[in-house]
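Asks: 3D, please:
(chains A and B)
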Amino acid sequence: MLGPDYRAQFSKDSAARAGYARCEVCGKVSPIATRKCPRCRSSLHLREPQSIQNTLALLITAAILYIPANILPMMTTTKLGQSVTSSIMGGVMIFIDEGSYLIAGIIFFASIVIPSIKILVLFWLCYCAMRAKRFSHTQLTQIYRVTEFIGKWSMIDVFVVAILVALVHIVGIVYVTAGFAAMAFSMVVIITMLAAQKFDMRLIWDRLRDD
Amino acid sequence: MIVAAITSLWERSQRSEFLPQRCSYMAKIYDEKFACVDCDLLMEAPKELDPGEKFSCPRCGHRLTGGNLMPIDVVLSTSVTAVMLWAIALFQPLLSFGAAGRYNAITIFDIPFLLLDGEFYVASTLVLTFVIFLPALYLIAILGLVIPLKLGTPAFHPVLLAKWLHYLGPWVMVEVFFLSILVALIKLTESGDVLYGLGFWLFMAFSVVFTYVFSKVDSYKIWYWVDRVRT
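Replies: Sure thing, here's the model as predicted:
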């Protein structure tokens, strides 16, 4: 599995260079020859296996799903026999028209800005981990940490729609049905969260050259 | 009698096991070697940290731990509180919405089932798993580790519980859901009469307590408990 000089690809001072692997589950550091973590019996890897391939595959899926999520209707509202459809951006526009700028801002930020920036940032990180020449390791680490942290906040839109739809259904005058965008958007959030988890930040630090 | 009880409680709370201790559980787990999560820098775990002192990776700046050993009683009491709040908050009316002269109340537990009527299958599953079941599973796993530790009895599969906590952690969305409730409220107050139910206040308390537990319990603490429970 590992070539004779496998250690040369890792940065100086790293655990992998010294032949140690950090268990992904419990964090215990053991020699890579151990194969299984002595504490939690998970398989040991120096780096997440196929990290970039998995991240890119998930990212492409998310990017494809992101298009219908924004174009197609999120829901169809039927009131007194008349049907109205609304997409994510349409929902934001309704909030702006009603003058509730705070909610419009939150929804716009959570469901349009965060997912798109997240997908772009992860693509950029994969690019840096593979072939970019000049980048700041510390900055990229901070960006990655922020992306990982804000990921789940994109769910706000889905949850707001869920609460409103549930309330509207119990009142019973208005009838709301789901559009494909509701599913596509939820999948975009989940898949980008998975992609961020699959990405191994240590690959970026491995490209730190010893001077 | 009450005074005596309070005094004895105060004296007990002053015992060292209840107070943050000057020690590093990281040094206890990683006695020889320790590696940063983000940059894989190999280093020695700090031998001693002051209560509340933070320890960050010298190369990438990742905050590795908050330092102090949170007393087991605090974790136990806050988790039990959170479980109780969870059990009550889900079945109390969250909001009542008045239209055409009648009020209709929903509980959080109703939301996924009402969503099924409107064919919101994915959203329904998401609310049911991320907001209702995963937080409960998370708290149960914490209690499954902490209660045996407190009582000194053997735990039921501690490694399995700790792995649960590791995998469930990123998917718990209690605080996101609470913010969504607030947004939905602002929206509704503009279009009709909204009454806050008991469930709203209970869920608010639940998200505060849960987020406190969630932020204080990091993976180093969890695996430290596992090691202690197993020996």
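
Asks: alpha carbons only for contacts and neighbour counts from here, please
Replies: Fine.

Asks: Give the next helix or strand downstream of the host helix or strand of residue B:106.
Replies: Taking DSSP states H and E as the definition, residue B:106 sits inside strand B:102-107. Downstream of strand B:102-107, the first helix or strand assigned by DSSP H and E is helix B:110-117.

Asks: give me the low-pLDDT residue ranges for chain B?
Replies: B:9, B:12-32, B:48-53, B:66-70, B:98-102, B:191-192 (pLDDT under 70).

Asks: Pull the contacting residues for residue 96.
Replies: Chain wasn't specified; assuming chain A. Applying Cα atoms under 8 Å, 6 or more residues apart in numbering or on different chains to residue A:96 gives the contacts residue A:104.

Asks: wrong chain, I was asking about chain B
Replies: B:103-106, B:194-197.

Asks: does residue A:158 count as helix, strand or coil?
Replies: helix (DSSP: H, G, I helix; E, B strand; the rest coil).

Asks: is it true that it touches residue B:124?
Replies: No. Residue A:158 is not in contact with residue B:124 according to Cα atoms under 8 Å; the separation is 9.8 Å.

Asks: okay, these two: which has more neighbours?
Replies: Shown here are residue A:158 and residue B:124; by other Cα atoms under 10 Å in any protein chain shown, residue A:158 has more neighbours (25 against 22).

Asks: I'd like the distance between that one and residue B:194.
Replies: Distance from residue A:158 to residue B:194, counting by Cα to Cα, to the nearest Å: 21 Å.

Asks: Now for residue A:13, how many residues are close by?
Replies: 16.

Asks: can you check residue B:80 too?
Replies: Neighbour tally, residue B:80, other Cα under 10 Å: 17.

Asks: Can you name the helix or strand that it falls in?
Replies: helix B:72-89.

Asks: how far off strand B:102-107 does that helix point, in degrees?
Replies: 140 degrees (axes from the mean of the first three to the mean of the last three Cα atoms, to 10 degrees).

Asks: longest helix of chain A?
Replies: Counting residues, the longest helix in chain A under DSSP state H turns out to be helix A:51-71.

Asks: measure the residue of chain A positioned farthest from its centre to residue B:208 for me?
Replies: The C-alpha centroid of chain A is most remote from residue A:80, which lies 40.0 Å away (Cα atoms, centre = their mean). Per Cα to Cα, residue A:80 is found 41 Å from residue B:208.

Asks: for chain A, which spans come out with low pLDDT?
Replies: Scanning chain A for pLDDT under 70 picks out the ranges A:1-5, A:210-211.

Asks: got the residue ranges for the strands in it?
Replies: Using DSSP state E, the strands found in chain A span residues A:20-22, A:29-31, A:75-79, A:82-86, A:174-178.

Asks: Direction included, what does the third one pair against?
Replies: Meaning strand A:75-79. If you go by DSSP bridges, strand A:75-79 pairs up with strand A:82-86 (antiparallel), strand A:174-178 (antiparallel).

Asks: Centre of the chain to that strand, how far?
Replies: 30 Å (Cα atoms, centre = their mean, to the nearest Å).

Asks: same deal with stretch B:112-130?
Replies: In terms of Cα atoms, centre = their mean, the centre of stretch B:112-130 is set 24 Å apart from its chain centre.

Asks: Going by residue numbers, what spans are strands in chain B?
Replies: Going by DSSP E, chain B shows strands at B:34-35, B:42-43, B:55-56, B:63-65, B:93-99, B:102-107, B:193-196.

Asks: quick one, which of these is packed in tightest?
Replies: For those, average neighbour numbers computed from mean count of other Cα atoms under 10 Å in any protein chain shown are highest in strand B:34-35, which has a mean of 26.

Asks: Provide a list of residues in contact with the residue farthest from the centre of chain A.
Replies: A:173-174.

Asks: Quick one: list the elements packing against the longest helix of chain A.
Replies: helix A:88-97, helix A:114-130, helix A:180-198 (3 or more Cα pairs under 8 Å, 6 or more residues apart in numbering or on different chains; DSSP states H and E).

Asks: Spit out the contact partners of residue 156.
Replies: In the absence of a named chain, this looks at chain A. Counted by Cα under 8 Å, 6+ apart, residue A:156 has contacts A:107, A:110-111, B:176-177, B:179-180.

Asks: oops, I was thinking of chain B
Replies: Per Cα under 8 Å, 6+ apart, neighbours of residue B:156: residue B:144.

Asks: Check the burial of residue B:152 by counting its neighbours.
Replies: 11.

Asks: picking up where we left off before, among the strands of chain B, which comes closest to residue A:162?
Replies: For residue A:162, the closest of these is strand B:102-107, at 12.1 Å, according to Cα to Cα.

Asks: Which neighbouring elements make contact with the closest one?
Replies: Against strand B:102-107 (3+ Cα pairs under 8 Å, 6+ apart) you get helix A:156-171, strand B:93-99.

Asks: Centre of the chain to it, how far?
Replies: Mean C-alpha position of strand B:102-107 versus that of the full chain (Cα atoms, centre = their mean) differs by 29 Å.

Asks: Check stretch A:191-202 too.
Replies: On Cα atoms, centre = their mean, the centre of stretch A:191-202 falls 7 Å from the chain's centre.

Asks: Can you list the buried residues in that stretch?
Replies: A:191-196, A:198-202 (16 or more other Cα atoms under 10 Å in any protein chain shown).

Asks: a markdown table for the residues you listed, including distance to chain B?
Replies: Formatted as a markdown table, those follow (distance: Cα to the nearest Cα, whole Å):
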| residue | distance to chain B |
| --- | --- |
| A:191 | 12 |
| A:192 | 12 |
| A:193 | 9 |
| A:194 | 10 |
| A:195 | 13 |
| A:196 | 11 |
| A:198 | 13 |
| A:199 | 11 |
| A:200 | 8 |
| A:201 | 5 |
| A:202 | 5 |
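
Asks: Determine which two of those are furthest apart.
Replies: Maximum distance among the buried residues of stretch A:191-202 (Cα to Cα): 21.1 Å, for A:191 and A:202.

Asks: Any idea which of the strands of chain B gets closest to residue B:219?
Replies: So among these, strand B:63-65 is nearest, using Cα to Cα, at 9.2 Å.

Asks: re the thing from before, got the helices and strands packed on strand B:102-107 as JSON lines, with distance to residue A:146 columns?
Replies: Below are those laid out as JSON lines (distance: least, Cα to Cα, whole Å):
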{"stretch": "helix A:156-171", "distance to residue A:146": "17"}
{"stretch": "strand B:93-99", "distance to residue A:146": "32"}
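
Asks: among the ones you listed, which is nearest residue A:23?
Replies: helix A:156-171 (32.9 Å).
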